[in-house]
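Q: Sequence and predicted model, in that order:
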Amino acid sequence: MNFKLLTRDIGAIVDELGQIKESIVFWADDELFLKHERAVQLAKEIRAANSGKTHRFYARADHIHKHPECVEEWAKAGMEMVMIGFESHRDSDLKKLGKGSNIKINDEVVSICHANNVKVRGNFILQPDFSKDDFKDLAAYSRKLGVDFPSFSVLTPFPGTPLYNDIKDTLAYDNYNLFDGIHSLMETKLPLKQFYKEVSRINARSISFRNKLKLMKEIDPRWKKQFIGYIKESTSRIRDAHKDHN
C-alpha cells in the first residue's frame, strides 16, 4: 500500500484555534508527532499566538522517544495529556505488533512526559488467550509504568485490517455488534464469564492507590457523582458481557 500524509497550513491551524471557544482541544490526528520538525514548529506558533488552550492528542512511544523535544515544546504550548498505545507488558508482543518500541523505551517515554508535567493515558490490548496471571501482570506493569490514566480494550480484528484478513476464517463469533473493543471475537483461554470478570477488574487494579486519590481530587466536584456512576455502570456491563455471546 502507498500512503500519503496530508497536512494543513500551520497559520490556518493557529487561526482556527483562535476561533474555538472551548478551553480544551482534542486533536483527532492519529500521530501528531509523525513529522517532528513540523510538530515543533506548530507548537511554537500556537504558543506565540497565546491561545490559552490546553491540548490532548495521540502520539507513538517510539516517536516521543526519538524526539522528546516535541513533548517539551508542546508542554510549553499547553499540552495537558498524551494518549499512547503501549499495548503490552511483553517485548515479544510489541515486536509482533510492530510498535517500534520496547519496555525500556516505554519507561523512558513516561518519564519524558512526566518531566514536562504532561499526563499519560496508556492504552493496552487484552489478548483472548490471557490467563488470570496475565491480567495481573499487565495491571502490575501499568502501575509500575506510572500511567496516569490506563485504558484497556480486548483485541478486536476490525474488518479491513491485516489482522482481520489473517484470522477471519477462524473467528468464533461474527456478530458485528461485538466488534467494539469490549467483546472477544475469538475463543478465550478462560471461560467467557471469568474472562470478562478479569476485564472488568483490570482498570481498578492498574492504578496505584496514590494515583486514585490524585484522580478523585482533580475531578470537578460537580461531575464526581456522575463519574463514579459511569464507572460502576461500565464495570457492570463488562462483567456481564458474556451474556451478549448467546
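A: Happy to help now that I have it.
Q: Need the contact partners of stretch 10-27.
A: Contact with stretch 10-27 is made by 38, 41-42, 45-46, 49, 51-58, 80, as judged by Cβ atoms under 8 Å, 6 or more residues apart in numbering. C-beta coordinates here come from the backbone N, C-alpha and C atoms, glycine included.
Q: Following the helix or strand hosting Cys113 in sequence, what is the next regular element?
A: Per DSSP states H and E, Cys113 falls inside helix 103-115. Note on helix 103-115: by DSSP H and E, the next helix or strand toward the C-terminus is strand 119-126.
Q: Pull that next one out as CSV, backbone CA atoms only.
A: Extracted in CSV, the C-alpha atoms of strand 119-126 (Å, rounded to 0.1, in the frame of the first residue of the first chain):
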residue,chain,number,x,y,z
LYS,A,119,-0.2,13.3,31.9
VAL,A,120,-0.1,9.9,30.1
ARG,A,121,-3.1,7.9,29.1
GLY,A,122,-1.7,4.5,28.2
ASN,A,123,-3.7,2.1,26.0
PHE,A,124,-3.3,-1.6,26.4
ILE,A,125,-4.6,-4.7,24.5
LEU,A,126,-6.2,-7.6,26.3
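Q: Pretty sure His242 sits against Glu198.
A: No: His242 is not in contact with Glu198 according to Cβ atoms under 8 Å; the separation is 11.6 Å.
Q: Could you check which of those two is surrounded by more residues?
A: Comparing His242 with Glu198 by other Cβ atoms under 10 Å, the one with more neighbours is Glu198, at 22 against 18.
Q: before we move on, the earlier item: buried by neighbour count, from the contacts of stretch 10-27: which ones?
A: Buried members of the contacts of stretch 10-27, scored by 16 or more other Cβ atoms under 10 Å, are Leu42, Glu45, Ile46, Ser51, Lys53, His55, Arg56, Phe57, Tyr58, Glu80.
Q: Quickly note the distance from the residue nearest to the third one when sequence neighbours are not counted to His67.
A: Once flanking residues are discounted, Ile46 sits nearest to Ala77: 4.6 Å by Cβ to Cβ, 6 or more residues apart in numbering. In this structure, Ala77 lies at 15 Å from His67, with Cβ to Cβ, to the nearest Å as the measure.
Q: Please apply the same query to Lys132.
A: Taken as Cβ to Cβ, the spacing of Lys132 relative to His67 amounts to 39 Å.
Q: Quick check on those two: which one has the bigger neighbour count.
A: Taking Lys132 and His67 together and counting by other Cβ under 10 Å, His67 has the greater number of neighbours (19 against 13).
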